[in-house]
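A.B. asks: curious how this folds, go ahead:
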Amino acid sequence: MSSLSWRQAAKDDRVLLQDFACTEPQQKLQNGRKAPHARPWEWGVQAWFRDRQSALADAARYAKHGGRLLVATKDGHTGFAACVSLAHLTEPSIETPLRTQMGWDGPIWALKALAVHSNLQRQGISCEVYEYVFQEILKEENYSDTLVIARIHPSNLASEKAAERAGFGLINDLPQPDENRNWVSMLIDEA
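C.D. replies: All right, here's what the predicted structure looks like:
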């Protein structure tokens, strides 16, 4: 049984999204300036979910492609326990080589961002998150086999391990416009 309650984010969730924390706070130097964050890839994901022009706007922009921002709550935890952004893959520079390499002509989804609140990490919640997201994608695709791509920073070992546990495999020979690496999972309806 899931410990998370899921729903699609709405405009009214801006305040809760701005409070979402999936990494430690940025430290300040003695002169009052902010120090570089110890894990900038986590800081970037957190900033993306918090920025009202990013996560919510992205979900609205890709709504016709199944785009959505999903948020989860957990009993005993204030605010969101997890946030996930996903949509059909619509980036030709990644989609075309992925289809060629995998010999795939079915649906492809992009797992754009996934984060668990920092107070709830290392408790197995990411497994629940992946399970829920995969079921949502399969429902959207009428339970037909679907390919899912996720992009993970190579220094984010915890996320890479969670992705592997969820069934993702690393594929390095796709275009990488930034430092993130490409991970792919095949969702097969076993119902």
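A.B. asks: my guess is residue 148 contacts residue 109, does it?
C.D. replies: Yes. The pair residue 148 and residue 109 passes the contact test of Cβ atoms under 8 Å, sitting 4.8 Å apart. Placement of C-beta: from N, CA and C, glycine included.
A.B. asks: need the outlier residue of the chain, farthest from its centre.
C.D. replies: Distance from the C-alpha centroid of the chain peaks at residue 31, with 35.1 Å (Cα atoms, centre = their mean).
A.B. asks: tell me the SS of that one?
C.D. replies: coil (DSSP: H, G, I helix; E, B strand; the rest coil).
A.B. asks: how near is it to residue 43?
C.D. replies: 20 Å (Cβ to Cβ, to the nearest Å).
A.B. asks: what's the answer for residue 53, then?
C.D. replies: From residue 53 to residue 43 the distance is 17 Å (Cβ to Cβ).
A.B. asks: quick one, which of those two is more surrounded?
C.D. replies: Set side by side, residue 53 and residue 43 show unequal neighbour counts under other Cβ atoms under 10 Å, the larger going to residue 43 at 17 against 8.
A.B. asks: strands along the protein, start to end?
C.D. replies: 4-8, 68-74, 82-88, 108-116, 146-152, 169-171, 181-187 (DSSP state E).
A.B. asks: which other residues reach the lengthiest helix in the chain?
C.D. replies: Longest helix in the chain by number of residues, with DSSP state H as the criterion: helix 125-140. By Cβ atoms under 8 Å, 6 or more residues apart in numbering, the list of residues contacting helix 125-140 from outside reads 2-4, 6, 66, 70, 72, 74, 81-82, 84, 86, 109, 111, 114, 116, 144, 146, 148, 159, 162-163, 165-167, 185, 187, 189.
A.B. asks: taking strand 68-74 as reference, get the angle to the helix or strand of the chain with the lowest mean pLDDT.
C.D. replies: In the chain, the helix or strand scored least confidently by mean pLDDT, DSSP states H and E is helix 40-50, which has a mean of 81. For helix 40-50 against strand 68-74, the angle between stretch directions is 100 degrees (axes from the mean of the first three to the mean of the last three Cα atoms, to 10 degrees).
A.B. asks: buried stuff in helix 40-50?
C.D. replies: By neighbour count on 16 or more other Cβ atoms under 10 Å, the buried set for helix 40-50 is 41-43, 45-46, 48-50.
A.B. asks: of all those residues, which comes closest to residue 93?
C.D. replies: Each of the buried residues of helix 40-50 was checked against residue 93 using Cβ to Cβ; the closest is residue 48, at 20.1 Å.
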